[in-house]
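Asker: Everything below, folded, please.
(chains A, B, C and D)
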There are 2 protein chains.
Amino acid sequence: MKPKITLKDIARELDVSISTVSKALKNSKEISKDTKDRIKAFAKFYNYRPNNIALSLKNRRTKNIGVVIPDIVHHFFTTVFRGIEKYANSMGYNVIICISDESFDKEVINMEMLANGSIDGFILSLSAETQRKNDFTHLKELLDQGIPIVLFDRVTQDVACDKVVLNDVEISRESVEHFIGKGSEKIALITTDNYFNVSESRKDGYLEALKDNDIPFDENLILTLPHDLDNTKLITEFFEKNEIEAVLCVNEIFAVQCMSVIQQMGFRIPEDISIIGFTDGILSRFSSPKLSTVAQHGEKMGELAAKMLINRMESTEVVEEPFKTEIINATLIKRGSTIN
Amino acid sequence: MKPKITLKDIARELDVSISTVSKALKNSKEISKDTKDRIKAFAKFYNYRPNNIALSLKNRRTKNIGVVIPDIVHHFFTTVFRGIEKYANSMGYNVIICISDESFDKEVINMEMLANGSIDGFILSLSAETQRKNDFTHLKELLDQGIPIVLFDRVTQDVACDKVVLNDVEISRESVEHFIGKGSEKIALITTDNYFNVSESRKDGYLEALKDNDIPFDENLILTLPHDLDNTKLITEFFEKNEIEAVLCVNEIFAVQCMSVIQQMGFRIPEDISIIGFTDGILSRFSSPKLSTVAQHGEKMGELAAKMLINRMESTEVVEEPFKTEIINATLIKRGSTIN
DNA sequence: TATTAACACGAAACCGTTTTCGTAACTTTT
DNA sequence: AAAAGTTACGAAAACGGTTTCGTGTTAATA
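Answerer: Okay, here's the model as predicted:
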């Protein structure tokens, strides 16, 4: 057991002052070569490393960034997080992660805990409950205290900060138009009411595409599902009641559930019904047929979010740069569940 | 913009000493009720919160724990992490996460970065490369410095510390015996050489089951696949060459790939071939038929790991408790891919 | 009334760094 | 030989807290 060694320890052992040790280790030219060599050798031998906490206190920056996401067992968030971690790490930052679990209170508590010095900035995606309540005072207060925040994916207009979002409207439109281009007119949308803004945008894109192509909108072709339950029954009913040629699902779980149901009902994919999902996760890649899907490029998104945050944190400009909203372009990956 | 307020600020404004403020806020009875009230009111008004970094420095504990895992986009690790986060948070700890990306160097560098004061203890699962190299000096050094470590899932005998593992051997045996109980004798194992100890254990269980039931071991019935590629060709060949009644796969990706291939070849699941996978993830739940699988109870594992770590960190015993290895009992979830 | 106890607070040390500034001891210049 | 300039180092403050100990004032006791 050899406990951590401090500057003070070195100073005592070598009979010099703490400042001398500090300077020597930073190669200051105030210190003679002899003394420097002695100190460096000693430090190396005892594997001296400066204490991060002391440095944080002194420098008033922790080199930690806080990431708050609604859920970790979720492909999209997971990939975003990986992007954040990679970039942050490459810039010498550590990442403290908190899961809000879609709960407003947890989001608030976690952020307040971290905000008292533990981190220099936040990257977050709003919890479902926060979006429902439309209460962003916790974010505003942190921004007020000078703590930078970058919002991604589930964002809000109500807080002024940097953001990274997906072009949800456009990619939905593009997806629906892909269906239309292949001759489909009865196009369904399977969505959720869980995280509002992104599903809303996706619906908007769906509607736009219909409108632009003079296809009348049929309310019955929209199915709203609760999240993460077994929706077999609802989906079956939906397809029994309606004659459908193509389906856009706002996530990959709905998409594979849907595929499985309609295959069970005797339809062929994509000959009878085409499907496109969101999130190019493991489900999409290993379903049969393979699911055509909207790749959200989560890793890129995370990387960009981290880059924006670190830029702002390290910026020395006197006048702060205006807040930016960056848009990540999703891409439609055409696989076996659509006619291509 | 209202910047964070410190004890010093309060002291100055209220014309008392810093120590008085500190004591007042901690409700010390050294301070008169009057003064306490004044100080508390002021502190509340300005939303005073003690600075975590300063506390960490003073108390020489950060209330942060470091989690190092090989991969985050992986259902099992993700659930373990969720368990860690939940328990840690409930105990007032934050979690700093580092992804080793299966690389030895990253594992070492990340841990050293964190070890200089940023965290009080580690929870980690060894990277593939670390296991391959069999080099654990970084862990031993940290333990030497008095930093507690809890290893989970991918562990090693070579370091003396707390561990949490799955009963891989037993659950594999149980799975294979389930096949045998349903009349299968030609039982295949699809495995990986990527993370040694767990796949080795799973193979051991497989072998034990065969032996106990007097089924001769046929080397050809073991297929070793590289990770995460499209293994369709290898799997197809494997099933063409061998007559197989049941397959145990060491992860769910292999299992669904396998299912898809053999369905393509015209076999019925589970009538012709039964399948069991490892990891009760999203793939298993949404495949058709639904995959019978070994649930690893990752969340429980994470929670237990966190509990062991925090226990040790907070223990005030003079003589340290001996290291423990806890075993999580996996359970076989029987779904549509097996005859039940 | 003198002594002691209780009360209410402040000074200072400490956690581990960095950094500014001061200075003793030489060396160089005039 | 006196003045000025270097060199090589140490003291101390600062980051933001906690905590021990000392002390002046008032209240209780002898």
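
Asker: Please, where are all the helices along the stretch 201-340 of chain A?
Answerer: A:232-241, A:252-264, A:282-286, A:298-314 (DSSP state H, counting those that start in this stretch).

Asker: Include distance to chain B, mean neighbour count and mean pLDDT when you put these into a markdown table, please.
Answerer: (Glycine included, C-beta is placed from N, CA and C.) Listed next are the helices of the stretch 201-340 of chain A as a markdown table, based on distance: least, CB to the nearest CB, whole Å; neighbours: other CB atoms under 10 Å in any protein chain shown; pLDDT from 0 to 100:
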| stretch | distance to chain B | mean neighbour count | mean pLDDT |
| --- | --- | --- | --- |
| helix A:232-241 | 11 | 15 | 94 |
| helix A:252-264 | 5 | 22 | 93 |
| helix A:282-286 | 5 | 22 | 93 |
| helix A:298-314 | 9 | 22 | 97 |
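
Asker: Do a quick rundown of the helices in the stretch 51-200 of chain A.
Answerer: Under DSSP H, counting those that start in this stretch, the stretch 51-200 of chain A gives helices at A:52-59, A:75-90, A:104-115, A:128-133, A:137-144, A:168-181, A:196-212.

Asker: returning to what we had before: looking at the helices of the stretch 201-340 of chain A, which is nearest to A:T79?
Answerer: helix A:298-314 (3.2 Å; CB to CB).

Asker: So which other helices or strands are in contact with the closest one?
Answerer: strand A:64-69, helix A:75-90, strand A:121-124, strand A:149-152, strand A:162-166, strand A:325-328 (3 or more CB pairs under 8 Å, 6 or more residues apart in numbering or on different chains; DSSP states H and E).

Asker: To chain B, which of those lies closest?
Answerer: helix A:75-90 (4.8 Å; CB to the nearest CB).

Asker: wait, what's in contact with the residue in the stretch 101-250 of chain A that DNA strand C sits nearest to?
Answerer: Taking CB to the nearest atom of the strand, DNA strand C has its nearest neighbour within the stretch 101-250 of chain A at A:G117, 13.0 Å off. Going by CB atoms under 8 Å, 6 or more residues apart in numbering or on different chains, A:G117 touches A:56, A:62, B:51-54.

Asker: One more pass at 6 Å, please.
Answerer: B:51-53 (CB atoms under 6 Å, 6 or more residues apart in numbering or on different chains).

Asker: what residue ranges in the stretch 1-150 of chain A are flagged as low confidence?
Answerer: Residue ranges of the stretch 1-150 of chain A with pLDDT under 70: A:1.

Asker: Show me which residues of the stretch 51-200 of chain A sit near DNA strand C.
Answerer: Proximity of the stretch 51-200 of chain A to DNA strand C (CB under 7 Å from any atom of the strand) is limited to residues A:51, A:53-55, A:57-58.

Asker: 6 Å instead?
Answerer: A:51, A:54-55, A:57-58 (CB under 6 Å from any atom of the strand).

Asker: Near chain B, list only the ones from the residues you listed.
Answerer: The subset of those within reach of chain B, by CB under 6 Å from any CB of the partner chain, is A:51, A:54, A:57.

Asker: out of those residues, who's nearest A:C98?
Answerer: Among these, and counting by CB to CB, the member closest to A:C98 is A:L57, at 22.4 Å.

Asker: Check the gap between the residue nearest to that closest one when sequence neighbours are not counted and A:E85 for me.
Answerer: Spatial nearest neighbour of A:L57, excluding adjacent residues (CB to CB, 6 or more residues apart in numbering or on different chains): B:I53 at 4.9 Å. From B:I53 over to A:E85 the distance is 22 Å, taken as CB to CB, to the nearest Å.

Asker: How about A:T6?
Answerer: Distance from A:T6 to A:E85, by CB to CB: 30 Å.

Asker: More neighbours: the two, which one.
Answerer: A:E85 (26 against 16; other CB atoms under 10 Å in any protein chain shown).

Asker: quick one: that one and A:V95 touch, right?
Answerer: Yes - counting by CB atoms under 6 Å, A:E85 touches A:V95, with 5.3 Å between them.

Asker: just to revisit the earlier point, with distance to A:I235 and neighbour count added, can I get the residues of the stretch 51-200 of chain A next to DNA strand C in TSV?
Answerer: As requested, those are exported to TSV (distance: CB to CB, whole Å; neighbours: other CB atoms under 10 Å in any protein chain shown):
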residue	distance to A:I235	neighbour count
A:N51	57	18
A:A54	58	16
A:L55	56	15
A:L57	56	18
A:K58	59	11
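
Asker: Now flag whichever of those is closest to A:E252.
Answerer: For these, the nearest to A:E252 is A:L55 (43.5 Å; CB to CB).

Asker: where's the closest one relative to B:L221, distance?
Answerer: 57 Å.

Asker: What values do phi and psi take at the closest residue to DNA strand D within the stretch 101-250 of chain A?
Answerer: In the stretch 101-250 of chain A, no residue comes nearer to DNA strand D than A:G117, which is 7.2 Å away by CB to the nearest atom of the strand. Here is the backbone geometry of A:G117 (degrees, to the nearest 10): phi 100, psi -20.

Asker: Which positions in chain A make contact with DNA strand D?
Answerer: A:16-20, A:30-32, A:35, A:57-58, A:60.

Asker: Quick one: distance of stretch A:120-136 to the chain centre.
Answerer: Here stretch A:120-136 is found 12 Å from its chain centre; the criterion is CA atoms, centre = their mean, to the nearest Å.
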